[in-house]
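1. what's the 3D shape of this:
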Amino acid sequence: MKWWMYLAAALAALVGVPALIGATLPVKHRASRRAKFRAAPEALYAVLAGPPNWRPDVKAWGEAASVDGRRRWWEEDSHGKKITYELAEDRAPSRRVTRIADRNLPFGGTWTFEITPATEGSELRITEDGEVYNVIFRFMSKYVFGYTGSIEGVFRDLGKKLGEQPQTEA
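-> A predicted model of the protein is given here:
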């Protein structure tokens, strides 16, 4: 019977310690990375503003009804989870800001895409101004996935779409 108590204590620690650490982390965070691409700013912007069929993590997508004149769309991941986004700012071909429009998720925030001309191509900076409301997700996003993990994945997928290996920098 003692082993049940040890198992229960281990499970409580497995959930409790990350929850406790997550509770000490701030809800909001900012993460930013940049990468250089050979593509011109207009070509880079066109891919980012177009359908997300170049991202393997997006299994389906579609347009959603606009709200207050802002374009909205949804993306579905490989687990069948849908997230609705809205276009907060759009200045082709140099700046694009997207925001998570769903208010009932354990996370939210914006992604800012800034494209500048560079020698032999473009430089793309992605800045995530994120909010993680759930303490377990907060722990996971900082210590397991890393705040820049999704950004680096987008750079990788974008490089594959453009047929190049981007040079990533902090």
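2. Just want the most central residue of the protein.
-> Nearest to the mean C-alpha position of the chain, by Cα atoms, centre = their mean, lies residue 150 at 4.8 Å.
3. Identify the residues contacting that residue.
-> Counting by Cβ atoms under 8 Å, 6 or more residues apart in numbering, residue 150 makes contact with residue 128. The C-beta positions use only the backbone N, C-alpha and C, and glycine is treated the same way.
4. Following the chain past the helix or strand harbouring it, name the next helix or strand.
-> Assessed by DSSP states H and E, residue 150 sits inside helix 149-162. Note on helix 149-162: by DSSP H and E, the next helix or strand toward the C-terminus is strand 167-169.
5. remind me which residues of the protein are low pLDDT?
-> 1, 6, 8-10, 12-15 (pLDDT under 70).
6. Pretty sure residue 56 sits in a helix.
-> No. If the criterion is DSSP: H, G, I helix; E, B strand; the rest coil, then residue 56 is coil and not within a helix.
7. Verify the stated contact: it with residue 158.
-> No. Using Cβ atoms under 8 Å, residue 56 is not in contact with residue 158, being 11.7 Å away.
8. between those two, who's got more neighbours?
-> Between residue 56 and residue 158, counted using other Cβ atoms under 10 Å, residue 158 has the larger neighbour count: 21 against 12.
9. Name the nearest residue to residue 95, ignoring sequence neighbours.
-> Of all residues not flanking residue 95 in the chain, residue 114 sits nearest, at 5.5 Å (Cβ to Cβ, 6 or more residues apart in numbering).
10. Sweet, I'm off.
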